[in-house]
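Q: Give me a model of this one.
(2 chains)
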Amino acid sequence: MRRVRAEVLNAKRVGAYHSITIVAPEVAERVRPGQFVSVAMPEGRTFLLRRHFSIHQASRRGGWAGTLEFVFDPRGPGSSWLAEVKAHQFLDVIGPLGKAFAYPAKLTTCLLVAEGHGSAPMYFLGQELRARGKRVDMLVGAETQELVFKPIEAKRLAQTIVITTEDGSLGETGGVIDVLPQVVESTGAQVIYAATGRQTLRRISEFCAERRIPSQVAVEEEMACGIGLCFTCTVPVIRKDGSGYDNLRACIDGPVFNPARILWDRWMGEEPRMVATPPEGFPVVKTWPG
Amino acid sequence: MRSNLGVDLHGLRFPQPVLSASGCLATGHDVPALVDLRKLGGVVTRSLTFGPSKGWATPRSAETPSGLLTAVGLQNPGALAFVDEDLPRLVKAGVPVVASVAGASLGEYVNVASTVHLKPGVVALEVCVSCPDDERAGEPFYARPERLTEIVGAVARLSRVPVFAKLPPLLPGLVETAQACVRAGAFGLTLIDAVPALAVDSQRLRTRTATPVGGLSGPAIKPVALAAVYQVSRALPDVPVMGVGGIATGEDAVEFLLAGAWAVQVGTALLVDPSVHVEIAEGIMRYLKEKGFASPDEMRGRVRVRDAKIGSP
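A: Residues are numbered from 1 along each chain as shown, chains lettered A, B, ... in the order given. Reported below is the predicted structural model:
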């Protein structure tokens, strides 16, 4: 984890989203897919907290060496300020933060599922998986065609890509969860990675548990500090030995978790079940393959 | 003149007057290297319960104008694990530790305090009275002054190190309650605890945190905290007061010292800028030199009441 004063190399609109590329070699050479950076907001504003963004691209070699790119939805205080940032301005950046996605050692067919700007880190992950000789397929969803993040790049990266939109303006009509079984069937996915809202993540998790497909999910939770100090971004996760659960900080122990170990009921604020041990038949995928 | 940042609270000495506030530096476990602990006057830990505590459901935080609303609950590893695992790390870093004591009953406060007060490195205790009282159906301990002083008194009687009572600002009769805490044995006061607050999401017609009413911190509460420090330190000039609430700059800290604080704590600002305590200490030092004070103790409570304009048309 480093704190750097990073120069903005490029700031641009990408469809409905906004992308910023910064020069931060100390961070770029360490960062792995699923990790994030935190960006300080300017002083003298009514919003105080740093904003947290997962990494869309990190370049270690070539003409863009030492840069990294993050993508965000420019609505809301903070991100709307950030959307006005121009090249050559400087940002106060801390990173890389959090735990990254793990790569499977033996299994080779990986399906990447994401919705909205949750897709951003999946491109970085897809490249790293490809570089390790894995097959990458993508399932990308959004509300409308405009909100599908970089569909053309996805086509270049993935063996196959399926797009879903809620209004049917592009690809299949519906959400990613509606077509997930068919996509898994047709691609023969052995591993699933997902980054989307809690509701969908939960259903993906249930699907993976049922089919016994190892999976990893990147969660989103309200995060105040991003560096493990404040304990606001916790997720209830079952202990490895099954002896109960702990509220783990998404910024330190996540944002990537094994969904089979997340206590979804408790996390979603539904009737909390006081579980000392996982309920009987609870499909805990104990170890990550390989 | 040589200025010195050290402060002396009736024999309780801190190398500089800026401590970290409770809840904003975990319990000392896995504090990122970005936070230079040696530059802090002291660390006030997350509030400790006797056994481990999981805290409340998420979302636990909401950003509000110039503030941060948090409703974390008392998630912490418990006093026993703190003493075994976290405290040694803080001691190794060479920073004085103020252990924040919490509980759900009088018995738990006593158990926590007796677990931590004699441990090497613990220079003081701070009693958090904002937690729900199991013996009174979850009503916070501060809701009744006699219950509050009962808790503070019990901890103060057993502790061999100085005990600070951390009070929220909205008590009926803050000054009287502060006086009662001192009569019960408190060595000093920490003013103020987070302000009870609510954030509402009007689009979804629901509260923004899972536990509706949380505690507001950050610059939004600074004037409230200053008033509490001013009033209590005027009434109790010999009682050490630690000022806390929205301090983010050296100037903020100076305002608290002038209003009567003996030392200050920084919380929310540390979440945003992990090296803010260094800048605050530098800012205090600049002010000392500029105004010719030898130490923060010398400027304590030096704020004058502004002259009233009389006879304006």
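
Q: How about the residues of the stretch 151-290 of chain A by chain B?
A: Contact residues, the stretch 151-290 of chain A versus chain B (C-beta under 8 Å from any C-beta of the partner chain): A:221-225, A:227-236, A:246-247, A:252, A:266-267, A:269, A:272. Quick note: C-beta positions are derived from backbone N, CA and C, even for glycine.

Q: What's the ChimeraX syntax to select whichever of these are buried?
A: Applied in ChimeraX, the following selects the buried portion of these according to 16 or more other C-beta atoms under 10 Å in any protein chain shown:
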select /A:221,222,223,224,225,227,228,229,230,231,232,233,234,235,236,246,247,252,266,267
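
Q: Tell me which of the residues of the stretch 151-290 of chain A next to chain B fall in helices.
A: Judged by DSSP state H, the subset of these located in helices is A:266-267.

Q: For chain B, which residues are neighbours of chain A?
A: So far as C-beta under 8 Å from any C-beta goes, chain B lies against chain A at B:23-26, B:30-35, B:46, B:54-55, B:57-63, B:65-68, B:70, B:72, B:75, B:210, B:218-219, B:268, B:270-275.

Q: before we move on, what SS does residue 80 have?
A: Unless you meant another one, I'm taking chain A. Three-state call for residue A:80 (DSSP: H, G, I helix; E, B strand; the rest coil): helix.

Q: that's the wrong chain, I meant chain B
A: helix.

Q: Thought residue B:27 was touching it, still the case?
A: No - applying C-beta atoms under 8 Å, one finds residue B:80 not in contact with residue B:27, separated by 12.0 Å.

Q: Can you show me the helices along the stretch 51-200 of chain A?
A: For the stretch 51-200 of chain A, the helices defined by DSSP state H, counting those that start in this stretch cover A:79-82, A:120-131, A:151-157, A:176-187, A:198-211.

Q: what pairs with residue 97 across the strands?
A: Using chain A. Note on residue A:97: beta-bridge partners residue A:36, judged by DSSP bridges.

Q: Hmm, no, I was thinking of chain B.
A: With DSSP bridges as the rule, residue B:97 is bridged to residue B:43, residue B:122.

Q: list the contacts for it?
A: Neighbour list for residue B:97: B:28, B:42-43, B:45, B:87, B:90-91, B:121-123 [criterion: C-beta atoms under 8 Å, 6 or more residues apart in numbering or on different chains].

Q: can you pull the contacts of residue B:38?
A: Going by C-beta under 8 Å, 6+ apart, residue B:38 touches B:93-95.

Q: Cross those against helices and list the overlap.
A: Residues of the contacts of residue B:38 located in helices (DSSP H): residue B:93.

Q: So how do I select the buried members of the contacts of residue B:38 in PyMOL?
A: This is how PyMOL selects the buried members of the contacts of residue B:38, with burial counted by 16+ other C-beta under 10 Å:
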select buried, chain B and resi 93+95
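
Q: Quick check: of the contacts of residue B:38, which lies closest to residue A:154?
A: residue B:93 (47.0 Å; C-beta to C-beta).

Q: what's the nearest residue to that closest one if we skip its chain neighbours?
A: Distance criterion C-beta to C-beta, 6 or more residues apart in numbering or on different chains; nearest residue to residue B:93, sequence neighbours excluded, is residue B:37 at 4.2 Å.

Q: repeat for residue A:42
A: residue A:81 is the one closest to residue A:42 (C-beta to C-beta, 6+ apart), at 6.9 Å.

Q: pLDDT value on the one you found, please?
A: At residue A:81, the model reports a pLDDT of 91.

Q: that older thread, just give me the neighbour total for the residue nearest to residue B:93.
A: 19 (other C-beta atoms under 10 Å in any protein chain shown).

Q: Would you check how far apart it and chain A are?
A: Distance, residue B:37 to chain A, using C-beta to the nearest C-beta, to the nearest Å: 12 Å.

Q: Then residue B:205?
A: 15 Å.
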